[in-house]
Structure formats: C-alpha cells, structure tokens
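Peer 1: From the sequence below, what's the structure:
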Amino acid sequence: MPDDVLLTSLLAAVDAAPDDVPLRLHVAGLLAERGRPAEALQHCSQAIARDPGNADALALLQRLTTAIAPPATPTAPPTPRPEPQRLDGFDWAQAEDEVADIAEPVPAEDDAPSPVVEDIEQPGIRLADVGGMQQVKERLELSFLGPMRNPQLAKAFGKSLSGGLLLYGPPGCGKTFIARAVAGELGASFFSVGISDVLDMYTGQSERNLARIFAEARRRAPCVLFFDELDALGQKRSHLAHSSSMRNTVNQLLAEMDSVAADNDGVFVLGATNHPWDIDSALRRPGRFDRVVLVLPPDAPARAAILRYHLRDRPVAEVNLDRVVKLTEHFSGADLAHVCTTAAERALALSMRDGRLHALTTKDLESAIREIRPSTGPWFATARNVVAFANTDGEYDDLAAYLRKNKRL
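Peer 2: I've put the predicted structure just below:
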C-alpha cells in the first residue's frame, strides 16, 4: 500500500476514533516524517489534551516545536569591555572580581506554577460509609446534595445551587471525612485546602494563591473545594485592623466565591471550622457559606462503627461493644481512636511482661476510658457562652437544642 494511501486511511481512522491517543500519536509521527510538522503538532496537541501525562506525546511535542521554531538570528559579537581605569590608585578590576559571585535578584513571576493544586483526589467513599450521624446526613441531603443531584427540580422551587456549605462543631468529629463523602456522593474531585496552602509571607502572594486554587477547581469541575479551619483564613476583618495582608486575603476569598468575572458552576465550596463565631459575617451571606450543618460528637451507632474500625487489626478477645459505646458518650472520633490506642498499649505491656499474647478485652478499654476525658468539653463550654449571649438571630439554634438535652456538658 502506498504511503499516502496508508496515511489517508490512518487519518480517517483518527477521525472515527478521536480519543485513541496511541493511534493519533502514530499519525503525528508519520506526518512529521513526511515533512508536515504543523499537522503533526496539531495531532500531538490533541493527544496531550486527552492524556496530559503521556510521555511519548510530550517527547514528540518537544521534537516538533524544535523543528518548527525559526532559526536563531545571528547576533553580533559582544563589544569588548574597556579596561577599567585606576582612579586615585583604586583597582576597579579587582573590586569587580570580588563581587562577581553575587547572584542578581530574580524577579517574581505572576504566572509561576502553584504547588497547592497537586492534591486533588477522587474520593472512593460515600455517606453510607459514615457510621451513624443520621441527622447530619439528612441535613446534607436536604440543603446541599439533593438540589445538586436534581437541578431542574431545584430550579422549579427557586432553590439556588450557588453558595457553599459550612460544617462546624467540636474538633475531631469527622468534618473532613464527611466532606470527602460529599465529594464521593457527587462524583466530584476533592480539593482540600489548608491555611498553609494559601498564606504566604510576600505581599499579594496569598491572594494569588487563592485565585489559582479557584481557577484550578473551575478547570477540574465538578470539584468539591474544601477549606479546613476556615476561621483561620476567613476570620472577622474587624479583628484584623493591624494586618492589611490578612484583610486582603479575606477580601480575595469573598471575591472568588461570589465572582462576577468567573463562573463557579460545578465548584462546590465546603468549609469546616471549630469556631464559626470567628468567621467574617460577609462569608455567611447568600451566595457564600449560606448553609450550615452542625457536626456533633458521634452518636451510638457511629461510636460503634469507629470502635470496630480501630480494633479491626488488633488482637481482640471478649469485648462488650455496647458497654464501651455507652461509656464513651460525648467522645469525639479522635478520642475513640485514642481509647483504642491506650488500651492496646496496656495489653502490649502485659504481653511483654508475661511473654505471651494478651488480647484486648472490655476491661482494657474501660481502663483506658477512665484515663481519658472527652476533648469536646472545652469546646462545649465556649459554645454555651456563644449560645447564651450571641445567638440573637437564631444562627445556633441546633447547638442550643443539643446543649439543652445535655446539660452536664
């Protein structure tokens, strides 16, 4: 078969299967060999768009761009530098030699790649993987997930799909895990952003980091953009009178969430905080973090699931899980993990002393529970004051109801 006929057939095959990257790269190579680098470059670019990390495509792209690049313009030989003159006995040549090793400052590049966009993942968990917390799941379904899954129904009832969701509650109660499960429910990418990913010591760089984060989330849509410890990043601007850089960062976050210049369609913004009362009020307005879900310490079914998870790979004898669950009321998920670790340490110490394996028992777990106090206590002490004196608009009614039922907290 003549070469031209073969190439024509291959081009037709590419048109029929445009997503076949190996075939497209083969055609690009043949075009390059036949002196048609511009067409080859077009096919190579299409291959990279479909498979950005393809090493063969990147290598071919480098060869093609080198072949297409115009020849370098010959430059005139450098003008010889005049010999430095000695003035009043000073040796200028020696002075220049002494500072020759000092590097010139490198100007900052606004389009420099941001390292924070490398942590986007595809969660494999769903809300069904979250033990217990039925009220939290129902609230998420009603206020966030349901409208996202049914945009036509949401539109018919005037339910806006813009804005974000704020998860708040005591530390260690699974807010990040729930955020990942939300991404799994939506079939979206998950992009977790910490304060260290945003804040920078150089003026204006924090704002640029935020802009790049949102730009990447828009490019990867559908994407759940999760801001952990939101109170540290979006704290009240009235508290930042002496920190103009932090005020500018809050302003940038407000602009990105309610942007006129950019479309956040497909970008679902979630935030988590232990101190929602420290977040700037502008971030709580419609179109931003206008939906709020209280994540409380795990209930009994959730505690049982967490305990099973942390005991699954440890030697366990007789454990009365119902009794342990009853004794750990108001414990956070992190506290329960600490209970299992402490009990395992006791059993390990006994095993090393006796020279034989002692499996974990209910007694070991009970001893660990007596040593550990729930870490949620200080948080609820602060929350009680907020509910008593700063709940004029009913913002924390869910928290107030929980505290009324648990007066010992």
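Peer 1: Point out the other helices and strands that the helix or strand containing residue 40 packs with.
Peer 2: Residue 40 is located in helix 37-50, with elements delineated by DSSP states H and E. In terms of contacts (3 or more CB pairs under 8 Å, 6 or more residues apart in numbering; DSSP states H and E), helix 37-50 is packed against helix 21-33, helix 55-68. To be clear about C-beta, it is placed using only N, CA and C from the backbone, and glycine gets the same treatment.
Peer 1: which of those helices is buried the deepest?
Peer 2: Most buried of the helices and strands packed on helix 37-50 by mean neighbour count (mean count of other CB atoms under 10 Å) is helix 21-33; its value is a mean of 19.
Peer 1: which parts of stretch 270-278 are buried?
Peer 2: For stretch 270-278, a neighbour-count test (16 or more other CB atoms under 10 Å) marks 270-277 as buried.
Peer 1: re the thing from before, what mean pLDDT does the helix holding residue 40 get?
Peer 2: Mean per-residue pLDDT for helix 37-50: 75.
Peer 1: Give me the angle between it and helix 21-33.
Peer 2: Taking axes from the mean of the first three to the mean of the last three CA atoms, to 10 degrees, one finds helix 37-50 and helix 21-33 inclined to each other by 160 degrees.
Peer 1: Any idea how far helix 37-50 is from the middle of the chain?
Peer 2: Counting by CA atoms, centre = their mean, to the nearest Å, helix 37-50 is centred 32 Å from the centre of its parent chain.
Peer 1: Need the CA coordinates for that helix. PDB is fine.
Peer 2: What follows is helix 37-50 as a C-alpha-only set of coordinates in PDB (Å, rounded to 0.1, in the frame of the first residue of the first chain):
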ATOM      1  CA  PRO A  37       5.200  19.300  11.200                       C
ATOM      2  CA  ALA A  38       2.300  21.700  11.600                       C
ATOM      3  CA  GLU A  39      -0.300  19.000  11.100                       C
ATOM      4  CA  ALA A  40       1.800  16.700  13.300                       C
ATOM      5  CA  LEU A  41       1.800  19.300  16.000                       C
ATOM      6  CA  GLN A  42      -1.900  19.700  15.900                       C
ATOM      7  CA  HIS A  43      -2.500  15.900  16.400                       C
ATOM      8  CA  CYS A  44       0.200  15.900  19.100                       C
ATOM      9  CA  SER A  45      -1.600  18.700  21.000                       C
ATOM     10  CA  GLN A  46      -4.900  16.800  20.700                       C
ATOM     11  CA  ALA A  47      -3.300  13.700  22.200                       C
ATOM     12  CA  ILE A  48      -1.800  15.700  25.200                       C
ATOM     13  CA  ALA A  49      -5.200  17.300  25.800                       C
ATOM     14  CA  ARG A  50      -6.700  13.800  26.200                       C
END
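Peer 1: Can you mark which positions in that helix are buried?
Peer 2: 37, 40-41, 43-44, 46-48.
Peer 1: Reformat those residues as TSV; add distance to residue 353.
Peer 2: What follows is the buried residues of helix 37-50, written out as TSV (distance: CB to CB, whole Å):
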residue	distance to residue 353
37	76
40	73
41	72
43	71
44	68
46	68
47	64
48	62
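Peer 1: in a helix, that's where residue 255 is, yeah?
Peer 2: Yes - according to DSSP: H, G, I helix; E, B strand; the rest coil, residue 255 belongs to a helix.
Peer 1: Number the residues from 33 up from this point.
Peer 2: Shifting the count to begin at 33 puts that one at residue 287.
Peer 1: Which one of the helices and strands packed on helix 69-82 lies nearest to residue 369?
Peer 2: Evaluated with CB to CB, the helices and strands packed on helix 69-82 place helix 87-100 nearest to residue 369, the distance being 41.5 Å.
Peer 1: outside of the lengthiest strand in the chain, which residues touch it?
Peer 2: In the chain, with assignment by DSSP state E, the single longest strand is strand 299-305. By CB atoms under 8 Å, 6 or more residues apart in numbering, the surrounding residues in contact with strand 299-305 are 176, 180, 195-200, 207-208, 211, 214-215, 218, 220, 246, 249-250, 253-263, 266, 289, 311, 320-321.
Peer 1: ok, of these, which come out buried?
Peer 2: Buried among those (16+ other CB under 10 Å): 176, 180, 195-200, 207, 211, 214-215, 218, 220, 246, 249-250, 255-263, 266, 289, 311, 320-321.
Peer 1: so of these, which ones are in helices?
Peer 2: 180, 207, 211, 214-215, 218, 246, 249-250, 262-263, 289 (DSSP state H).
Peer 1: Among those, which has the minimum pLDDT value?
Peer 2: residue 180 (79).
Peer 1: how far away is it from residue 311?
Peer 2: 23 Å (CB to CB, to the nearest Å).
Peer 1: Please, which helix or strand holds residue 405?
Peer 2: Assigned by DSSP H and E, residue 405 belongs to neither a helix nor a strand.
Peer 1: cool, residue 410 as well?
Peer 2: Using DSSP H and E, residue 410 sits in helix 409-421.
Peer 1: Check which residues of the next helix or strand after that helix are buried.
Peer 2: Scanning forward in sequence from helix 409-421 by DSSP H and E, the next helix or strand is helix 429-437. Residues 430-432, 434-435 are the ones in helix 429-437 that count as buried (16+ other CB under 10 Å).
Peer 1: for those residues, which one is nearest residue 164?
Peer 2: Distance to residue 164 across these (CB to CB) is lowest for residue 434, with 15.0 Å.
Peer 1: The closest one reaches residue 329, doesn't it?
Peer 2: No - using CB atoms under 8 Å, residue 434 is not in contact with residue 329; the gap is 9.6 Å.
Peer 1: what helix or strand does residue 223 sit in?
Peer 2: Using DSSP H and E, residue 223 sits in strand 221-225.
Peer 1: Report the central residue of this protein.
Peer 2: Centrality entry for the chain: nearest residue to the mean C-alpha point is residue 224, 1.2 Å, by CA atoms, centre = their mean.
Peer 1: Look up which residues are beta-bridged to the closest residue in space to that one that isn't next to it in sequence.
Peer 2: The shortest distance from residue 224 to any non-neighbouring residue, by CB to CB, 6 or more residues apart in numbering, is to residue 258 (4.8 Å). Bridge pairing for residue 258 (DSSP bridges) gives the partners residue 224, residue 302.
Peer 1: pLDDT below threshold where in the stretch 33-182 of the chain?
Peer 2: By pLDDT under 70, the weakly predicted segments of the stretch 33-182 of the chain are 33-36, 81, 84-85, 93-94, 96-150.
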